[in-house]
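J.: next comes the sequence, and after it the predicted model I'd like to discuss.
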Amino acid sequence: MSFAGKHALITGSSRGIGRGTALQLAGKGVRIAVHYYQNEAAANDTLTKVRALGADGFIVQADVTQPGDIRHLFRTVEAEFGTLDIFVSNGRPELPAFFYPPMEITLEQWDTALDSQAKAFLLAGQEAARLMPDGGRMLAITYGTGSRTGSLQPWVAMGAAKAALESLVRYFAVALAKRGITVNAISPSWIEDSVLNSLPPELQDLIRNWHNGGWTPMGRLGTPANIGKVVALLCSADAGWITGQVIYADGGASLMNSEIPPEIQFGS
């Protein structure tokens, strides 16, 4: 894919990974639809940064847990851009809406997580495919560890939601393959300026120190720009043969063995 003249919609792009993705694509000349749910000021700040990189776009508000809002979101994109070349599903609710352990979580909180991921991607993928020319790109931001493990108990709803999201990516990849549209998921580990920053400071410090001390072999947490660069890579023409995959972009954290202390794994 040549990036010149292309259009992208990134849900949850007012902050964090979504903003990092928007800026990486904008730096390549892609026009950006900056989606936000509540923080209009943050969305406008992202758009300002997009324009500073020589690209352009607009902001659009929607609640991705609501089917009517998703349809409105894509109608707005259609009115502004006409077509859509890149769709990145990244939006999620804030932690208090779903972050409860399995014995305490309510059905409403459970539905909020599932609706924001699996249902949102199902509807958004259908809408995006309608606007997308052959050779387009769809990506979903997941969290692979959270969809396969059970130790972070309050992540139960989002873990289930991400597992369903990853499954949907594979089905969409097959459905759209003949049009040359690739559909992939990107799985970061903990990322600065993201959900991590919603946690109490003492928990943030524990996570940073754990990763800096070796749980991430590269010795640090990722950044939104790190993930945005992976999105840009998968949107390139050279990535046209990659589809239906979960790409781990975590500095090697997923390679570590949870049964063995990092000091032993590194042989030190």
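T.: Looks like it arrived, so ask away.
J.: chain center to stretch 56-64, what's the gap?
T.: Centre-to-centre, stretch 56-64 and its host chain are 15 Å apart (C-alpha atoms, centre = their mean, to the nearest Å).
J.: quick one: end-to-end distance for it.
T.: Using C-alpha to C-alpha, to the nearest Å, the end-to-end distance of stretch 56-64 comes to 23 Å.
J.: and if you look at stretch 96-105?
T.: 11 Å.
J.: and the strands in the stretch 101-250 of the chain, which stretches?
T.: Under the criterion DSSP state E, counting those that start in this stretch, the stretch 101-250 of the chain contains strands at 137-141, 182-188, 246-249.
J.: mind checking which of those is nearest residue 106?
T.: Residue 106 lies closest to strand 137-141 among those, at 25.2 Å (C-beta to C-beta). Bear in mind the C-beta positions are built from the backbone N, C-alpha and C, glycine included.
J.: give me the element residue 19 is part of.
T.: Assessed by DSSP states H and E, residue 19 sits inside helix 16-26.
J.: tell me which helix or strand comes right after that helix.
T.: strand 31-36.
J.: poorly predicted segments of the stretch 51-200 of the chain, please.
T.: 144, 146 (pLDDT under 70).
J.: quickly find the element holding residue 73.
T.: Using DSSP H and E, residue 73 falls within helix 67-81.
J.: which of the residues in that helix are buried?
T.: 69-70, 73-74, 76-77, 81 (16 or more other C-beta atoms under 10 Å).
J.: and the angle from it to strand 31-36?
T.: 150 degrees (axes from the mean of the first three to the mean of the last three C-alpha atoms, to 10 degrees).
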